[in-house]
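Peer 1: Quick one: sequence plus predicted model below, questions after.
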Amino acid sequence: MPELPEVETVRRSLEFRLAGRLIEKVDIRRASAVAHPTLAGFSQGLVGQQFTAPQRRGKYLLLGLAAGGWLGVHLRMSGRLILRDPPLTEDLAHLRVILHLVGGGRLYFQDPRTFGRLWYIRPDETPARVIPTLARLGPEPADLELTYFQSALARRSIAIKTALLDQALVAGIGNIYADESLFQAGIHPLTPANQLDPARLTKLIQSIQQVLNQAILAGGTTLRDYADSQGQPGNYQTRLQVYGRYQQACLQCGNPIHRLRLGGRSSHFCLTCQT
């Protein structure tokens with residue numbers, strides 16, 4: 001699933017290319033891709049709208065509309081937003097929604113696994129009302145502070161890796177960047193969250209912010225489906241320290257990378273470097 005760096009990369013790649021463009025026509029090719037409102041309401045609400053600067057909250061994109069409201073997007077497992085101007089001469093595979101733009105451009109929503117969702121949020125609605133999970137998101141990683149982090153984890157004896165994946169604790173972190181952040185902080189993924197002292201929590205916050213910033217600068221991580229709005233893959237996969245490197249040598253100490261299943265997901269770590 002695209003995590004914060006991938007979604008932020010898509011946002012940045014759309015920021016100057018999409019703002020100011022007018023929607024001329026909406027072509028819905030898979031009804032389940034539209035989560036709100038009705039299919040007719042989605043199309044009628046967007047036609048004639050002009051895009052403004054896109055925003056991001058956690059793993060959600062909120063494409064602003066000049067008349068008020070937003071086009072909400074969650075890419076989920078394999079969704080992609082692709083802006084082409086001029087439009088493609090042949091349709092992409094797995095297209096779910098196409099927004100035809102005045103002047104001939106197209107904004108394509110492509111989603112092979114069909115888990116991604118789009119919302120038209122009217123001017124009289126709020127994103128958090130239409131997408132309730134937005135209201136439950138924790139702070140952005142860039143805004144993490146020790147006082148909040150320490151308080152939020154004080155009564156949680158669950159593994160710190162599990163805690164980091166809780167979007168109500170901190171928004172946008174997924175499996176890849178939780179593994180990378182814990183490695184950089186030198187913390188074993190099974191460490192009980194409430195047993196981390198202030199010094200280690202401070203190091204973890206710094207590691208989360210550094211890893212995410214580096215991943216954004218690298219355009220995100222492409223392991224399978226992810227690409228930005230111009231179809232360009234990310235490059236951070238070449239800089240991964242532990243994720244996906246099971247039994248390979250740790251780049252820091254040379255010992256093999258370990259893997260365990262935690263909450264149905266694989267966690268990668270170095271038994272020597274992460275205590």
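Peer 2: Done, it's in. Numbering: from 1, shown residues only.

Peer 1: Who's the closest spatial neighbour of Pro256, skipping the chain neighbours?
Peer 2: Gln247 (5.1 Å; Cβ to Cβ, 6 or more residues apart in numbering). Quick note: C-beta positions are derived from backbone N, CA and C, even for glycine.

Peer 1: go on, Trp119?
Peer 2: In space, Trp119 is closest to Gly72, 3.7 Å off (Cβ to Cβ, 6+ apart).

Peer 1: got a list of what that neighbour touches?
Peer 2: 36, 60-63, 117-121, 127, 130-131 (Cβ atoms under 8 Å, 6 or more residues apart in numbering).

Peer 1: can you check Leu212 too?
Peer 2: Contacts of Leu212 (Cβ under 8 Å, 6+ apart): 4-5, 141-142, 172-173, 177, 181.

Peer 1: Which single one of these is nearest to Arg106?
Peer 2: Nearest to Arg106, judged by Cβ to Cβ, of the contacts of Leu212 is Pro5 at 25.5 Å.

Peer 1: hang on, the earlier thing: roughly how far does the residue nearest to Trp119 sit from Arg57?
Peer 2: As for Gly72, its distance to Arg57 is 9 Å (criterion: Cβ to Cβ, to the nearest Å).

Peer 1: Please apply the same query to Ile82.
Peer 2: 22 Å.

Peer 1: From the contacts of Leu212, list the buried ones, please.
Peer 2: 4-5, 141, 172-173, 177, 181 (16 or more other Cβ atoms under 10 Å).

Peer 1: In CSV: the residues you listed, plus distance to Gln237 and secondary structure.
Peer 2: What follows is those, written out as CSV (distance: Cβ to Cβ, whole Å; DSSP: H, G, I helix; E, B strand; the rest coil):
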residue, distance to Gln237, secondary structure
Leu4, 16, helix
Pro5, 11, helix
Pro141, 20, helix
Gly172, 18, coil
Ile173, 17, coil
Tyr177, 12, helix
Ser181, 16, helix
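
Peer 1: quick one on the thing from earlier: any shared contact partners between Gly72 and Arg57?
Peer 2: In contact with both Gly72 and Arg57: Pro127, using Cβ under 8 Å, 6+ apart.

Peer 1: Please enumerate the strands of the stretch 1-150 of the chain.
Peer 2: Using DSSP state E, counting those that start in this stretch, the strands of the stretch 1-150 of the chain run over 23-28, 34-36, 51-57, 60-65, 70-74, 80-84, 95-101, 106-110, 117-121.

Peer 1: what's the closest of those strands to Cys253?
Peer 2: Comparing the strands of the stretch 1-150 of the chain by Cβ to Cβ, strand 51-57 comes nearest, at 35.7 Å.

Peer 1: tell me which strands and helices the closest one is in contact with?
Peer 2: helix 4-18, strand 60-65 (3 or more Cβ pairs under 8 Å, 6 or more residues apart in numbering; DSSP states H and E).

Peer 1: Mark out where each domain of this protein begins and ends.
Peer 2: Domains of the chain are assigned by automatic domain parsing as 4-135, 141-269.

Peer 1: mind giving me TSV with the ones you listed and columns for distance to Thr275 and mean pLDDT?
Peer 2: TSV is the format used below for the domains of the chain (distance: least, Cβ to Cβ, whole Å; pLDDT from 0 to 100):
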stretch	distance to Thr275	mean pLDDT
domain 4-135	27	96
domain 141-269	6	97
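
Peer 1: so what's the nearest residue to Leu271 once chain neighbours are set aside up against?
Peer 2: Excluding the flanking residues, the one nearest Leu271 by Cβ to Cβ, 6+ apart is His258, at 5.2 Å. Contact partners of His258, counting by Cβ under 8 Å, 6+ apart, are 246, 268-271.

Peer 1: so which of the residues you listed comes closest to Phe149?
Peer 2: For these, the nearest to Phe149 is Phe269 (20.4 Å; Cβ to Cβ).
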